[in-house]
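Give me a 3D structure for the following:
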Amino acid sequence: MDNPQGSGRITRARLGLRLATALAVAVPLSIGGTAAADTEPTATAAGAPAAATTAEWTTPQWATAEWTTPQWATAEWTTRVVAPGVEVRTGTLRNPAAAPSWTVTVQAPVTARFTGAAAWAAVGTESWAEETAGRLRAAGFEPTMSRIPWPGYADVPSGLMGVRVRVGSYPSQDAAKSVASRVTAAGFRAVVEWSGYDADQPADVENVHVAVIDPRTFRGSVEATHDADVTDRETTSSVAARHGSLVGVNGGFFITSDADGVQGTPAGISAHDGELASMAAGARAALILADGGRRSRIADLTTTVTARAGRSTAAVRGVNRTPGLVRNCGQPGATPTEEPRQDVTCTKTDDLVKFTAEYVHALPTGPGVQVVLDAKDRVVSVGGRGGTVPPAHTVLQGIGPAADWLTANAVVGGKIAVTEVIRDTDGRQVKLGRGDSIVSAAPTLVEDGRVHIDAAAEGVVDPADLSFGYAWANNRQPRTMAGIDQRGRLLLVTVDGRLSGGSEGFTLAEGAAFMRSLGAVQALNLDGGGSSAMAVDGVLVNRPSDAAGERAVGDTIQVLPRTR
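Next up, the predicted model:
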């Protein structure tokens with residue numbers, strides 16, 4: 001994915017969270033009718049118009065001493081039966097009471113935790129806010145301060161995150177930019193923002209798509225796919241159209257810049273048709289689609305891959321990635337951190353990486369050693385790095401001490417066996433077979449039927465560095481999410497954001513609340529931002545946020561009809 005009102009704003013923050021939850025709770029999967037949308041009712045798979053009713057409700061009034069405002073919201077839904085056991089529900093949530101606007105945020109200077117470099121945060125300490133507000137007033141501006149609490153993550157401090165300082169409320173982005181330039185000229189760090197992305201006030205419009213796949217009725221399969229090439233990028237809808245997919249959504253995080261490795265390659269664990277295609281970034285959330293999606297679950301997964309030559313072993317730290325570059329970190333010996341770190345590329349000087357037939361790209365070059373293995377683990381060649389993965393072969397590349405291990409242990413005609421073990425955080429081994437796939441992202445949203453967002457552990461926020469992950473996690477963004485309900489149904493959900501069609505998106509906390517409201521007992525956040533996409537019958541149905549249109553992504557999740 002791409003990131004004097006103090007006491008009153010605290011009340012508004014609490015109300016905003018309750019409102020978001022109330023909006024979500026009003027959309028249970030057990031709704032009997034189909035709500036009418038702005039368009040004509042969608043035809044069912046049999047060609048008959050779907051029955052329609054209108055769903056409208058009143059959010060309860062939450063009275064406080066500082067602020068009491070009735071909040072009215074409506075939801076309009078259509079339901080489309082795509083195939084037996086597969087439904088897609090499209091909804092627009094509206095809150096006429098919300099009044100977002102353009103504004104100017106003054107950022108707080110901080111120090112990045114790992115690099116020690118100067119950085120900027122959306123919120124600062126109380127003392128910084130008081131001092132900054134005083135300086136703004138002296139410069140002729142009228143600032144407001146808002147106390148921003150930590151969201152209800154499972155592993156961050158409770159209470160105050162920081163204080164946000166802003167100047168003004170403007171009807172247009174250009175008007176806010178004009179003021180921001182004056183604030184910058186006065187010596188402050190100013191950015192223009194849309195207040196509708198804030199968690200401390202309700203969103204006015206949310207456009208949501210919910211696909212529900214019932215394995216007890218559906219006779220097809222659900223698969224994570226990279227189309228046999230982990231180095232390829234393609235739009236979700238084009239993959240769906242080529243495969244005749246009933247429903248497709250974008251999958252996990254992937255590399256988008258040549259500086260971080262080869263574009264398209266996964267940045268976390270993935271597996272396709274029973275074969276591991278990439279390793280985990282520490283212990284992060286993953287969707288396991290076993291037996292073609294008939295047995296699905298969500299768990300935090302780790303991977304252990306070992307190369308063995310006789311009695312000597314070496315840890316393989318990567319599968320299908322550039323040696324020395326670890327996107328999203330989460331590997332032992334990585335710099336600046338061994339922990340998962342969203343959208344950060346860590347480096348390693350001692351690295352052993354395996355390449356499979358899914359790496360349809362020129363192999364990385366540079367210092368180090370390369371070993372080619374045949375299908376029986378016998379060493380075919382030992383030499384410099386480069387070339388391509390031969391058909392029915394695998395390749396090992398080592399740099400630093402890992403290269404020395406290969407040099408000492410790889411003998412043409414000898415054997416190097418590579419074993420792969422996937423475990424969940426309970427220690428249970430996840431064994432892969434034909435028809436099994438895995439797609440991973442972060443963080444966990446719902447666990448054991450409760451909202452449980454392990455945002456710090458999965459590296460998407462850092463309580464010690466507020467310059468990291470604030471907008472990604474705490475602001476509304478386009479998101480794609482997956483969940484499993486008590487009946488074993490798979491839920492694939494997108495919400496548009498960044499004002500695509502007026503929709504603002506979800507924060508992580510709102511996404512978790514929404515998934516829980518759908519009945520999810522397990523849920524995780526998939527890739528989002530400009531990557532968020534859903535295709536139905538091969539046609540894009542949501543509105544991605546990139547100005548250029550639907551983004552080419554790494555892997556996708558496809559709901560495929562029965563072929564025989």
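
So which other helices or strands are in contact with the helix or strand Ser178 falls within?
Element membership for Ser178, per DSSP states H and E: helix 173-185. With contacts defined as 3 or more CB pairs under 8 Å, 6 or more residues apart in numbering; DSSP states H and E, helix 173-185 has these neighbours: strand 102-106, strand 160-170, strand 190-194. C-betas here are computed from N, CA, C, even on glycine.

send the alpha carbons of the second one over as PDB?
Written as PDB, here are the backbone C-alpha positions of strand 160-170 (Å, rounded to 0.1, in the frame of the first residue of the first chain):
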ATOM      1  CA  LEU A 160      -2.500   9.400  24.000                       C
ATOM      2  CA  MET A 161      -0.500   8.900  20.800                       C
ATOM      3  CA  GLY A 162       0.200  12.600  20.300                       C
ATOM      4  CA  VAL A 163      -1.300  16.000  19.500                       C
ATOM      5  CA  ARG A 164      -2.000  17.100  16.000                       C
ATOM      6  CA  VAL A 165      -1.800  20.800  15.000                       C
ATOM      7  CA  ARG A 166      -3.700  22.200  12.100                       C
ATOM      8  CA  VAL A 167      -4.600  25.500  10.500                       C
ATOM      9  CA  GLY A 168      -8.000  26.100   9.000                       C
ATOM     10  CA  SER A 169     -10.700  24.300   7.100                       C
ATOM     11  CA  TYR A 170     -11.000  24.900   3.300                       C
END
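
Tell me where this protein is predicted with low confidence.
Scanning the chain for pLDDT under 70 picks out the ranges 3-73, 564.

which residues touch the residue of it positioned farthest from its centre?
Relative to the mean C-alpha coordinate of the chain, counting by CA atoms, centre = their mean, the farthest residue is Gly413 (44.0 Å). The contact partners of Gly413, taken as CB atoms under 8 Å, 6 or more residues apart in numbering, are Arg378, Val379.

Remind me which helix or strand it belongs to.
Assigned by DSSP H and E, Gly413 falls outside every helix and strand.

quick one: it from Arg489, how far?
52 Å (CB to CB, to the nearest Å).

Ala408 now?
Taken as CB to CB, the span from Ala408 to Arg489 is 52 Å.

between those two, which one's more packed in?
Using other CB atoms under 10 Å as the criterion, Ala408 and Arg489 rank with Arg489 on top: 23 against 12.

Count the neighbours of the nearest residue in space to the more buried one that is not next to it in sequence for me.
In space, Arg489 comes closest to Asp214 once its chain neighbours are excluded; the distance is 4.9 Å by CB to CB, 6 or more residues apart in numbering. Using other CB under 10 Å, Asp214 has 15 neighbouring residues.

what's Asp214 in contact with, if anything?
By CB under 8 Å, 6+ apart, the neighbours of Asp214 are Gly85, Val86, Arg487, Gly488, Arg489.

Same list, these, but as a markdown table with distance to Arg219 please.
Below are the contacts of Asp214 laid out as a markdown table (distance: CB to CB, whole Å):
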| residue | distance to Arg219 |
| --- | --- |
| Gly85 | 7 |
| Val86 | 10 |
| Arg487 | 17 |
| Gly488 | 15 |
| Arg489 | 15 |
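
so which of those residues would you say is closest to Leu136?
Arg489 (51.9 Å; CB to CB).

Quick check: the gap between the residue nearest to Arg489 and Val247.
13 Å.

what is in contact with the two at once?
With CB under 8 Å, 6+ apart as the test, Asp214 and Val247 both reach Val86.

need the helices for the stretch 301-450 of the chain, in chain order.
Secondary structure of the stretch 301-450 of the chain by DSSP state H, counting those that start in this stretch: the helices cover 401-409.

can you give me the strands in it?
312-316, 318-319, 325-329, 340-347, 351-355, 369-373, 379-383, 394-399, 417-424, 437-440, 444-447, 450-451 (DSSP state E, counting those that start in this stretch).

Dump the C-alpha coordinates for stretch 125-132 into PDB.
C-alpha atoms of stretch 125-132 as PDB (Å, rounded to 0.1, in the frame of the first residue of the first chain):
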ATOM      1  CA  THR A 125       4.200  15.700  22.100                       C
ATOM      2  CA  GLU A 126       1.900  18.000  24.100                       C
ATOM      3  CA  SER A 127       4.800  20.400  24.700                       C
ATOM      4  CA  TRP A 128       5.600  20.600  21.000                       C
ATOM      5  CA  ALA A 129       2.000  21.200  20.100                       C
ATOM      6  CA  GLU A 130       1.700  24.100  22.700                       C
ATOM      7  CA  GLU A 131       4.900  25.700  21.500                       C
ATOM      8  CA  THR A 132       4.000  25.300  17.800                       C
END
